[in-house]
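Undergrad: sequence plus the predicted model coming up.
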Amino acid sequence: MERTSNLHNPATEKPASGVINGLIGVVIFSGSLPATRVAVLEFDPVFLTVVRAAIAGVLALCLLLLFKEQRPARQQLLSLIIVAMGVVIGFPLLTALALQYVTSAHSIVFVGLLPLATAAFGVVRGGERPQPAFWFFSVLGSLLVVGFAVSQGLTASPTGDILMLLAILACGLGYAEGAKLSKTLGGWQVICWALVLSLPVVVPWTAWLAPASFSGISTPAWLSLAYVSLFSMLIGFVFWYRGLVQGGIAAVGQLQLLQPFFGLALAATLLHEQVSLGMLGVTVAVILCVAGARKFAR
């Protein structure tokens, strides 16, 4: 299908551009959990989820109209719905709920499993048959995360940890489905169409959940809402899916391994949350497991 936009033509750009765009996307996503942590202190988590999707969806619609993008084919709609349920609704909602119980630094350790979840769903959706070592690293990484949660007092906040695990599963599915769909629909178009498909649901939901007054909302909360709406929901995905198209899903996908490091740094510097040596150690161990699993995924 011929497209009128020149924003996603990887044939005319160097593979290094994919790495650069992918890295920008990862850095943007790294700020999502700290920003969400600030926002849920003053916004209802469900309202935060739907309003950020509504804002990003309106902007995505404007972007698609501006570049006169073709509508997705009928057979692509199911994949777009899966992407929407995973990264537009599922991950933001589950993390917003989880961050009522755990700190962003605690939750970022779970993000170390995101590349593994993406690879696992890629295996399921793509019909690939990974080597046995893939499953070894998968189980080991999962045990490390569970062990960390127990050592930090799982009995004190089981809800937060369970919600984070569900969030990682939802996001991994959305990433894998989006990466698969980007090969035919285009990189940034995937998240834009997923956001647009969500508008009939999130706009009425936003209106229904909107508080009677916003007078008590602080500036940091408004800035956090703006960040998760503009950067986490839209701009980050524009760079991320563009990077996947330009540099290849396998190569650029490895950049997700850096996300926990960026996230922990932001949690420590911006929110002044404590990042223990144990937390860093578990994060590094999980990342090594993810790297090993991805190496043997094919």
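TA: Arrived safely. This is a predicted model, so every value here is computed, not measured.

Undergrad: quick one, what contacts V58?
TA: Shown here is V58, whose contacts under the criterion C-beta atoms under 8 Å, 6 or more residues apart in numbering are L199. For every residue, glycine as well, the C-beta is placed using N, CA and C.

Undergrad: ok, now how distant is it from L33?
TA: Between V58 and L33 the distance is 24 Å, computed by C-beta to C-beta, to the nearest Å.

Undergrad: hey, C-alpha coordinates of stretch 87-94 in PDB?
TA: Once side chains and other backbone atoms are set aside, the C-alpha atoms of stretch 87-94 remain, and they are given as PDB (Å, rounded to 0.1, in the frame of the first residue of the first chain):
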ATOM      1  CA  VAL A  87      -0.300  -0.400  25.900                       C
ATOM      2  CA  VAL A  88      -3.100   2.200  25.800                       C
ATOM      3  CA  ILE A  89      -5.400   0.800  28.600                       C
ATOM      4  CA  GLY A  90      -3.800  -2.300  30.300                       C
ATOM      5  CA  PHE A  91      -0.300  -1.100  31.200                       C
ATOM      6  CA  PRO A  92      -1.100   2.500  32.200                       C
ATOM      7  CA  LEU A  93      -4.100   1.400  34.300                       C
ATOM      8  CA  LEU A  94      -2.400  -1.500  36.000                       C
END
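
Undergrad: list the contacts of it.
TA: Applying C-beta under 8 Å, 6+ apart, the set of residues contacting stretch 87-94 from outside is 36, 45-46, 48-49, 52-53, 56, 163-164, 166-167, 170-171, 174-175, 178, 191, 194-195, 198, 201-202, 228, 232-233, 237.

Undergrad: select only the buried ones of the residues you listed in PyMOL?
TA: The following PyMOL selection, which keeps only the buried ones among the contacts of stretch 87-94, applies the criterion 16 or more other C-beta atoms under 10 Å:
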select buried, resi 36+45+48+49+52+53+56+163+164+166+167+170+171+174+175+178+191+194+195+198+201+202+228+232+233+237
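
Undergrad: okay, A226: pLDDT?
TA: Looking at A226, its pLDDT stands at 97.

Undergrad: where in the stretch 51-200 of the chain is pLDDT low?
TA: Low-confidence regions of the stretch 51-200 of the chain, defined here as pLDDT under 70, cover residues 126-128, 152-156.

Undergrad: thinking again about what came up before, restricted to helices, list the contacts of stretch 87-94.
TA: Residues from the contacts of stretch 87-94 lying in helices, with DSSP state H as the criterion: 36, 45-46, 48-49, 52-53, 56, 163-164, 166-167, 170-171, 174-175, 178, 191, 194-195, 198, 201-202, 237.

Undergrad: what is the neighbour count of the closest residue to L77 other than its chain neighbours?
TA: Of all residues beyond its chain neighbours, the one nearest L77 is L197 (7.7 Å), with distances taken as C-beta to C-beta, 6 or more residues apart in numbering. As a burial measure, the neighbour count of L197 was computed by other C-beta atoms under 10 Å and equals 19.

Undergrad: can you check P130 too?
TA: 19.

Undergrad: ok, it to A84 distance?
TA: Taking C-beta to C-beta as the measure, P130 falls 27 Å from A84.

Undergrad: what's the answer for S276, then?
TA: In terms of C-beta to C-beta, S276 sits 36 Å off from A84.

Undergrad: higher neighbour count, those two?
TA: For S276 and A84, the more surrounded residue by other C-beta under 10 Å is A84, and the numbers stand at 26 against 10.

Undergrad: residues touching the nearest residue to the more buried one once chain neighbours are set aside, list them.
TA: Once flanking residues are discounted, A84 sits nearest to A194: 4.2 Å by C-beta to C-beta, 6+ apart. Counting by C-beta under 8 Å, 6+ apart, A194 touches 80-81, 83-84, 87-88, 178.

Undergrad: I am finished for the moment; much appreciated.
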